[in-house]
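Chemist: The following block contains a protein sequence and its predicted model.
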Amino acid sequence: MSARVRAQGLTGAEVAERTARGEVNDVPPRNSRSAADIVRANVFTRFNAIIGVLFLIILAVGPIQDSLFGFVIIANTGIGIVQELRAKRTLESLAVLGETRPRVRRDGRSTEVPTERIVLGDLVELRTGDKCVVDGELAEADGLEVDESLLTGEADPVLKHPGDPVMSGSFVVAGSGAFTATRVGGAAYAARLAEEASRFTLVRSELRGGISTLLKYITWMMVPAAIGLILSQLVVEHSDPAEAVRRMVAGIVPMVPEGLVLLTSVAFAIGVVRLGRKHCLVQELPAIEGLARVSVVCLDKTGTLTEGGMDVADVRPLDGTDPARIAQVLRALGGAEPHPNASLRAIVEAYPPPPEGAGSWRTTATLPFSSARKYSGAAFAEPGGEHSTWLLGAPDVLLADGDGALAEAARLDREGLRVLLLARAADQPDGLYGPDGPAPPNGSEGPEGAERRNGPRAPGGLEAADGGPPEARPAALVVLEQRLRPDATETLGYFAQQHVATKVISGDNAVSVGAVAAKLGLPGAELPLDARALPADRPERARQVADGTVFGRVSPQQKQEMVGDLQAAGHTVAMTGDGVNDVLALKDADIGVCMGSGSEATKAVAQIVLLDDSFATLPSVVAEGRRVIGNIERVATLFLTKTVYSVLLALLVVSWQVPYPFLPRHLTLLSSLTIGIPAFFLALAPNRERARPHFVRRVLHYALPSGLIASAATFGTYLLARHHYSGPGSLTAETSAATLTLFLVAMWVLAIVARPWTWWRVALVLTMGAAFLTVLAAPPLQHFFALNLVGAAVPWTAVAVAGVAGLLLEVAWRRVAAALPG
């Protein structure tokens, strides 16, 4: 490509031509499945296949009321599809609000375009915080430093020069530039990595993993029980094959937890829609569950506890520096940086740069701000012919220990103010970069990092020979006032009430961060720790991280290490942030939360994006997660109890060689009133209980004794009824007595699961009971469901057996609750 095209970018005609050839960045979205995928996932399941075959068999054998279970499955599948499509639309509409829109240069003009409309050969512009969305070759660079750690694992930023390759998935930590797209779509580096599931991993869902495990156990139980039931019913009902088929189907259908997966998907989908109304974009569905399990929340101060903007509160001259000259320098520094960070933007607002022209300061070299350096700078040719180099950054980084200005800066820090030092660098001919390129302060990057940098040092005296800050003469303290989020105190209080530890880890001065946290009422904020003093020994560092609450001067790599230390101690860690210095920690945290105004890089790795920048939305996300986890545990207990008693009833029928006690219509009625309808309401109800671990173990501990008691009580009533009744119609009377016992025991399980009782839960249980009584009392419904309670002795015996079973359920559940942790 010619130099002219590289400077001007593609023309409109070239873009259209390449789009027509398919040379576009058509990577599928991260957070959405296609409508066809949703339909397939809901329709073509193992259990739908089983139920579908049994449904067709009953349609062939009749009557129609024994095939009701098939219509229920069709309705359930339809509900699941509709809710997931609704969630998909919500996600996609929110994703448009929060999507990355890179800047490309076309026809010489810079314009924002959707990521998927970048074409091969586009000139893509970069600035601090931007994520590289395609692969390319660098065309322009102005102090451009790129972090490739998400791709290569190498922690040190890489200084880039024109001609260097740029990989998608990396992000800019300092400087600006532009690159020509050489690989787009699935051919780009990050897209290939994601396809190979190499570096980018989804949030682990204990809930979904647990349900998969339960379904595996259920399949193992179903197969032998179903085979035995089929053979036994064909032998027992040899004179009436159609009746044998009906009772065989009745035994197999309730073994299938048909609504469990559906309600789990619906609960997640409705959670997405609810959070979407609060402008919260969930980029990975299990993140809703993950945040509910979090035990430690790590917060970056800027943009999380404080709002993104700042105000210049004061400028305090040092060593007799002329205030007018300070104002000139601040104006010049603001004009030297095309993409200022939040601190410099506040200075630009207070000291607008002068218009270019005669009498203005001419910038000869710049050093962009980075979180590793903690300062920026520029070299100028002043109107009078003098050359000067000025630095702006953290006082404790730019000044030597014991400097008098540090005491004043520390006093201001204790008031929760952000303090920057304006200093003039001592004249140094070497300039912008060290002999091996820029390095963290004090030359701490080591030889391996230095070897990766290959640029000559530009003039300006902005870095010392070791890559650290040059010797500087303090000129002024620039005092910035940070705007506290009005909702931060309430949100921190919520986490404290929920026994979730909160830690503030910031790149700012530790004393200043502690003062801000103290204003918000965070316990432990009065003892802030400077992360530069943390020991290199990991066990001792982990201990200090666990004990501390507020940490300042934390480098991006240290944030990542601190998250790892907390995870190693057994914590589930959430990290919130909005800047490029948070990216590594966000990626490694169990749940990454980013503000909507955050950099493109942070939004790319976060699982949850708060589009309206409201820190107060986090409790809503936690509440949704707890609702999903707690309610699905309740629902799973109901469904698994049904599976257990169905399998045990089948085994008892096989052992006693008697007809199966139910027809499909009976169990459709029981399942609907004691599980299906109540489970739908319970799954979507508010639930503030803390998320507890070991989902599978908890569900099995409750469901196994419940299913055992229900099957024993039901089969006992059935045998008593067989002993009591004889003659024509006896099987219907026996079935009715067994149905009554099973309904009452299943209702007792429902009443236990619905605790703690509220008015609507009591009303729900009573409504289900009234519906069953209506079936027993109305002759047309009696006939439809083939239920007929004959006499008084057996029905009252069925009630008494159910009462004894209920007492046993209470004892069993209390023992299980005492034995399980939490």
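Modeler: Arrived safely, thanks for sending.

Chemist: Let me see the ranges of the helices in the stretch 251-400 of the chain.
Modeler: 258-276, 286-292, 323-336, 342-350, 395-398 (DSSP state H, counting those that start in this stretch).

Chemist: Could you identify which of those helices is most buried?
Modeler: Comparing these by mean neighbour count (mean count of other C-beta atoms under 10 Å), helix 286-292 ranks first with a mean of 26. Yep, even glycine has a C-beta here, placed from its N, CA and C like the rest.

Chemist: Output the helices of the stretch 251-400 of the chain as JSON lines; include the columns distance to residue 793.
Modeler: Listed next are these as JSON lines, based on distance: least, C-beta to C-beta, whole Å:
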{"stretch": "helix 258-276", "distance to residue 793": "36"}
{"stretch": "helix 286-292", "distance to residue 793": "51"}
{"stretch": "helix 323-336", "distance to residue 793": "94"}
{"stretch": "helix 342-350", "distance to residue 793": "82"}
{"stretch": "helix 395-398", "distance to residue 793": "89"}
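
Chemist: Of these, which is nearest residue 363?
Modeler: Each of those has some distance to residue 363 by C-beta to C-beta; the shortest is helix 323-336, at 4.3 Å.

Chemist: What helices and strands are in contact with the closest one?
Modeler: Under the contact definition 3 or more C-beta pairs under 8 Å, 6 or more residues apart in numbering; DSSP states H and E, helix 323-336 sits against strand 306-317, helix 342-350, strand 362-367, strand 375-381, strand 387-393, strand 418-425, strand 472-484.

Chemist: Which of these sits closest to residue 609?
Modeler: Among the helices and strands packed on helix 323-336, the nearest to residue 609 by C-beta to C-beta is strand 306-317 (14.8 Å).

Chemist: if you average pLDDT over the closest one, what comes out?
Modeler: The pLDDT scores in strand 306-317 average 84.

Chemist: any idea of the angle it forms with strand 472-484?
Modeler: Relative orientation of strand 306-317 versus strand 472-484 (axes from the mean of the first three to the mean of the last three C-alpha atoms, to 10 degrees): 140 degrees.

Chemist: contacting residues around residue 705?
Modeler: With contact set as C-beta atoms under 8 Å, 6 or more residues apart in numbering, residue 705 has these partners: 809, 812-813, 816.

Chemist: That one: helix or strand, and which one exactly?
Modeler: Following DSSP states H and E, the helix or strand that holds residue 705 is helix 695-724.

Chemist: Quick check: buried residues in the next helix or strand after that helix?
Modeler: Once the chain leaves helix 695-724, the next helix or strand it forms, by DSSP H and E, is helix 730-753. In terms of neighbour count (16 or more other C-beta atoms under 10 Å), helix 730-753 has its buried residues at 731-753.

Chemist: circling back to that earlier point, highest neighbour count among the contacts of residue 705?
Modeler: In terms of neighbours by other C-beta atoms under 10 Å, the contacts of residue 705 top out with residue 809 at 22 neighbours.

Chemist: Over to it. Which of the three states is it?
Modeler: helix (DSSP: H, G, I helix; E, B strand; the rest coil).

Chemist: any idea how far it lies from residue 707?
Modeler: 11 Å (C-beta to C-beta, to the nearest Å).

Chemist: What average pLDDT does stretch 501-509 get?
Modeler: 89.

Chemist: what about that stretch, how long is it end to end?
Modeler: End-to-end distance for stretch 501-509, by C-alpha to C-alpha, to the nearest Å: 22 Å.

Chemist: Check the offset of it from the chain's centre.
Modeler: The chain centre lies 21 Å from the centre of stretch 501-509; the measure is C-alpha atoms, centre = their mean, to the nearest Å.

Chemist: Could you do stretch 67-86 as well?
Modeler: In terms of C-alpha atoms, centre = their mean, the centre of stretch 67-86 is found 27 Å from the chain centre.

Chemist: what are the C-alpha coordinates of it, in PDB please?
Modeler: Taking Å, rounded to 0.1, in the frame of the first residue of the first chain, the C-alpha atoms of stretch 67-86 are listed here in PDB:
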ATOM      1  CA  SER A  67     -51.300 -38.400  26.300                       C
ATOM      2  CA  LEU A  68     -51.600 -35.100  28.200                       C
ATOM      3  CA  PHE A  69     -47.900 -35.300  29.200                       C
ATOM      4  CA  GLY A  70     -46.900 -34.800  25.600                       C
ATOM      5  CA  PHE A  71     -48.800 -31.600  25.200                       C
ATOM      6  CA  VAL A  72     -47.300 -30.400  28.500                       C
ATOM      7  CA  ILE A  73     -43.800 -31.000  27.000                       C
ATOM      8  CA  ILE A  74     -44.700 -29.100  23.800                       C
ATOM      9  CA  ALA A  75     -45.900 -26.200  25.900                       C
ATOM     10  CA  ASN A  76     -42.800 -26.300  28.100                       C
ATOM     11  CA  THR A  77     -40.500 -26.300  25.100                       C
ATOM     12  CA  GLY A  78     -42.400 -23.400  23.500                       C
ATOM     13  CA  ILE A  79     -42.100 -21.300  26.800                       C
ATOM     14  CA  GLY A  80     -38.400 -22.100  26.900                       C
ATOM     15  CA  ILE A  81     -37.900 -20.900  23.300                       C
ATOM     16  CA  VAL A  82     -39.900 -17.800  23.800                       C
ATOM     17  CA  GLN A  83     -38.100 -16.800  27.000                       C
ATOM     18  CA  GLU A  84     -34.600 -17.400  25.500                       C
ATOM     19  CA  LEU A  85     -35.400 -15.500  22.300                       C
ATOM     20  CA  ARG A  86     -36.600 -12.600  24.600                       C
END
